[in-house]
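*Asks:* Sequence and predicted structure below; questions after.
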Amino acid sequence: MVSNLLADRPVYVVGIGLHPYQRRSDTTYVALGLTAVRAALADAGVSWPDVETAYTGTALLGMGASRIMLSRLGSTGIPMTQVENASASGSTAVAQACLDVASGHTDVALALGVDKPRKGLPMAPGEAGIENLEGGTIVPFTHFALLASEYMAVHGVTDEQVARVAIKNHRNGAHNPFAQRRKERSLDEILAEPISGAMTRLQCCPVGEGAAALIVASGEAIDRLGLDRSRAIRVLSSSTRSERLYGPGVGVDAALTAETAGLAFDEAGVEPSDIDVLEVHDAFSIEELLYAEALGLCGPGEAAALVESGEFDIGGRCALSPSGGLLAMGHPIGPTGAGQVVEITRQLRGEAGVRQQPGARTGLAHMVGVGAVCVVHVLQRETGV
């Protein structure tokens, strides 16, 4: 049996920072990243020389992004590793930073996600020399439109019910100063501008630019550096899986999510019913429903009714995508997964303002990346601190 390093040596998120997600601009990726890192350092109450290793998650920038950016904080000679895992790049940077600290190799680590969009999204699988049976004719929004059609037909769900995911998330994003989309939307607005099948423009995430940073540290480092332990959020588990061979008709991303979450729940020692706040990979509105069910929050076909009833609203049973999710917060690729952990940390500290889920103690961040890969983190506010 593999040892649970996070149980053997606890790891805590002690600092968080963001650069607002936004449309492509003239801002350099260096400025985006440093804004988030400086905010995380200030939030933690540490200085750059206290950081012993750095992981940068990015999918679009190309090689060699880290040193030229982070050297602006000081050339301290620390190990720097660039992480690419498609949409899960930032999540994987967080996982690597946590593992580094949990293993005892370092005491303080930086996990950073940063990206700027380029023309198109370069995909290595297209250069693999393996023929694609659908010839690239099914673009992502059509793929998820087909999944939505299947879900609605099997479970008797309407397109209006699926659209309520986007209504909720745009409402949450309207109150998030870091979100790319900051406007509440009506049902009519959400259902306007169809792109493919029942999938509409506002049910698809915007791909922009931004940055998200976290400082993770051991308990020993918290004491040694005199950090505020009451604001330190423990990382209970970090699980990563890639897709395997599934049977005909199985939804790969949902099945992979269920497998990865099962490992994360076992490692954390919590159940789906313990989750108070949850961020999922809702690049398309139907995904939130599929992943809520795969994560065990409810049974198959039940998520749409729970969204409609307000169970997944802020103040409901479980706040689902309180940041606005990818639909409203945005999906700048590299930062997205790290930004989810930033949001969970903010919620568990009780610092989310009007987006605060009351009494939030345990949270989960979930990301899927092309490949397919899945990364799940479970975090918890410790009692008695």
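*Replies:* Done, it's in. Residues are numbered from 1 along each chain as shown.
*Asks:* now the strands: where do they sit in the stretch 201-350 of the chain?
*Replies:* Taking DSSP state E, counting those that start in this stretch as the criterion, the stretch 201-350 of the chain carries its strands at 209-218, 233-242, 277-279, 319-320.
*Asks:* Distance to Pro79 added to the ones you listed, as TSV?
*Replies:* C-beta here means a position set from N, CA and C on the backbone, and glycine is covered the same way. Converted to TSV, the strands of the stretch 201-350 of the chain look like this (distance: least, C-beta to C-beta, whole Å):
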stretch	distance to Pro79
strand 209-218	15
strand 233-242	19
strand 277-279	28
strand 319-320	36
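*Asks:* Out of those strands, the one nearest Ser285 is which?
*Replies:* Proximity to Ser285, assessed across the strands of the stretch 201-350 of the chain by C-beta to C-beta, is greatest for strand 319-320 (11.9 Å).
*Asks:* Report the mean per-residue pLDDT for that closest one.
*Replies:* Regarding strand 319-320, the rounded mean pLDDT is 98.
*Asks:* What strands line up against that strand, and which way round?
*Replies:* For strand 319-320, sheet partners with direction are given as strand 277-279 (parallel), following DSSP bridges.
*Asks:* From what I see, Ala179 and Asn169 are in contact.
*Replies:* No. Counting by C-beta atoms under 8 Å, Ala179 sits too far from Asn169 to count as a contact (9.5 Å).
*Asks:* could the strands of the stretch 201-350 of the chain be laid out in a markdown table, adding distance to Val375 and mean neighbour count?
*Replies:* Putting these into a markdown table (distance: least, C-beta to C-beta, whole Å; neighbours: other C-beta atoms under 10 Å) gives the following:
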| stretch | distance to Val375 | mean neighbour count |
| --- | --- | --- |
| strand 209-218 | 14 | 30 |
| strand 233-242 | 5 | 22 |
| strand 277-279 | 12 | 28 |
| strand 319-320 | 18 | 28 |
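*Asks:* what's the closest of those to Leu147?
*Replies:* With C-beta to C-beta as the criterion, Leu147 lies closest to strand 319-320 of those, at 18.3 Å.
*Asks:* Show me how far the closest one is from its chain's centre.
*Replies:* 13 Å (C-alpha atoms, centre = their mean, to the nearest Å).
*Asks:* picking up where we left off before, what touches both of Ala179 and Asn169?
*Replies:* In the contact map built from C-beta atoms under 8 Å, 6 or more residues apart in numbering, the residues linked to both Ala179 and Asn169 are Gly324, Ala328.
*Asks:* Neighbour count for those two, which is higher?
*Replies:* Neighbours were counted for Ala179 and for Asn169 using other C-beta atoms under 10 Å; Asn169 has more, 32 against 27.
*Asks:* you'd agree that one is up against Ala328?
*Replies:* Yes. With contact defined as C-beta under 8 Å, Asn169 and Ala328 form a contacting pair (4.9 Å).
*Asks:* Please report how far Ser47 lies from Gly173.
*Replies:* As defined by C-beta to C-beta, to the nearest Å, Ser47 lies at a distance of 33 Å from Gly173.
*Asks:* which of these two has more neighbours?
*Replies:* Remark: of Ser47 and Gly173, Gly173 carries more neighbours, 28 against 12, as counted by other C-beta under 10 Å.
*Asks:* Against Glu184, how distant is the more buried one?
*Replies:* Here the criterion is C-beta to C-beta. By it, Gly173 lies 9 Å from Glu184.
*Asks:* got it, and Ala148?
*Replies:* Counting by C-beta to C-beta, the gap between Ala148 and Glu184 amounts to 22 Å.
*Asks:* More neighbours: these two, which one.
*Replies:* For Ala148 and Glu184, the more surrounded residue by other C-beta under 10 Å is Ala148, and the numbers stand at 25 against 14.
*Asks:* pretty sure that one is in a helix, no?
*Replies:* Yes. Secondary structure of Ala148 (DSSP: H, G, I helix; E, B strand; the rest coil): part of a helix.
*Asks:* these two touch, right, it and Gln161?
*Replies:* No. With contacts defined as C-beta under 8 Å, Ala148 does not count as touching Gln161, sitting 10.5 Å away.
*Asks:* Great, nothing more from me.
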